[in-house]
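1. Pasting the sequence and the predicted model now:
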Amino acid sequence: MSIRQTTHYAKRSMALLNQLRFFQRSTSVSFTRSIYLHRGPRVEGLKKDPQEVFINHNGIEYELNQNNIQHIKSYLGDKFQIPDEIALQIITHKSFGNGIKPYNEKLATMGSKLLSLFAAKHAINKPTEKDAKLVINGKNLSILGSPKAKELHGRKSTGYFAKLNGLNKTMFWKSRNPTLNFESSGELKVSSQMLYSLIGAVNIYHGKAKAEEFINDNLIKGLEEITDELVHRG
């Protein structure tokens, strides 16, 4: 092949290559895919909308706004006020949203212990019964083993207290069957933990003395009335 033929062949090949590149660019096709995200009861074959995880069974969306936390802030008042984001954490259980959002478990642990100690001191300072077997320095320690003393800071009394005072009006948690009653659905347990965490938060932001003042001013009388009813019913 002569030099002229080789040059001609190279130019022709380059022209064909450029035409091919132009054809590829002009005929390129893009594809888009639409994904349907299903809300409501699970349906086989449909992808569930992940945002639905952050809506409680009453249809309330998890977010920091006054509608969600106002019942907590109102109950605390100015005297025992806490940051808004902590108020939201108080009403959030670890079962909600796969535990992604800040939940109240650690605050509840602290509040439970503080309420238990306060309830014990409150019980032994009651007038000593004549048949009390263990009295030390005028303190009726025998009462600590009674059903009333045990339930005063227990799950049922605190759970029902939260319900009767509207403190569980808005909570973010997940129930296997929210149509069941207050106890069977798990709402009692979650309400109790919420109240414990409320005490724990007051303790964190105001100190132990102020937290005990909160219990004394806002909780103990109502807890005693509920406990009396629970013990009476057996």
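-> Received it, and whenever you're ready, just let me know what you need.

2. now the helices: where do they sit in the chain?
-> 3-26, 66-76, 84-90, 105-124, 147-151, 155-164, 187-206, 208-214, 220-233 (DSSP state H).

3. Redo those helices as TSV? Include distance to residue 140.
-> The way it works is simple: take the backbone N, C-alpha and C, and place the C-beta from them, glycine included. Listed next are those as TSV, based on distance: least, C-beta to C-beta, whole Å:
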stretch	distance to residue 140
helix 3-26	92
helix 66-76	32
helix 84-90	34
helix 105-124	5
helix 147-151	10
helix 155-164	20
helix 187-206	25
helix 208-214	20
helix 220-233	16
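
4. which of the ones you listed has the lowest average pLDDT?
-> When the helices of the chain are compared on average pLDDT, helix 3-26 comes out lowest at a mean of 56.

5. Okay, the most centrally placed residue in the chain and residue 136: tell me how far apart.
-> Nearest to the mean C-alpha position of the chain, counting by C-alpha atoms, centre = their mean, stands residue 92 at 1.3 Å. As judged by C-beta to C-beta, to the nearest Å, residue 92 and residue 136 stand 42 Å apart.

6. now do residue 171
-> 41 Å.

7. How about residue 109?
-> Applying C-beta to C-beta, the value for residue 109 to residue 136 is 29 Å.

8. do the same with residue 203
-> For residue 203, the distance to residue 136 - C-beta to C-beta - is 27 Å.

9. Show me which of these two is the more surrounded one.
-> residue 203 (21 against 8; other C-beta atoms under 10 Å).

10. Not counting sequence-adjacent ones, nearest residue to the more buried one?
-> In space, and not counting its chain neighbours, residue 203 is closest to residue 211: 3.8 Å by C-beta to C-beta, 6 or more residues apart in numbering.

11. from memory that neighbour sits against residue 198, does it?
-> No - judged on C-beta atoms under 8 Å, residue 211 makes no contact with residue 198 at a distance of 9.8 Å.
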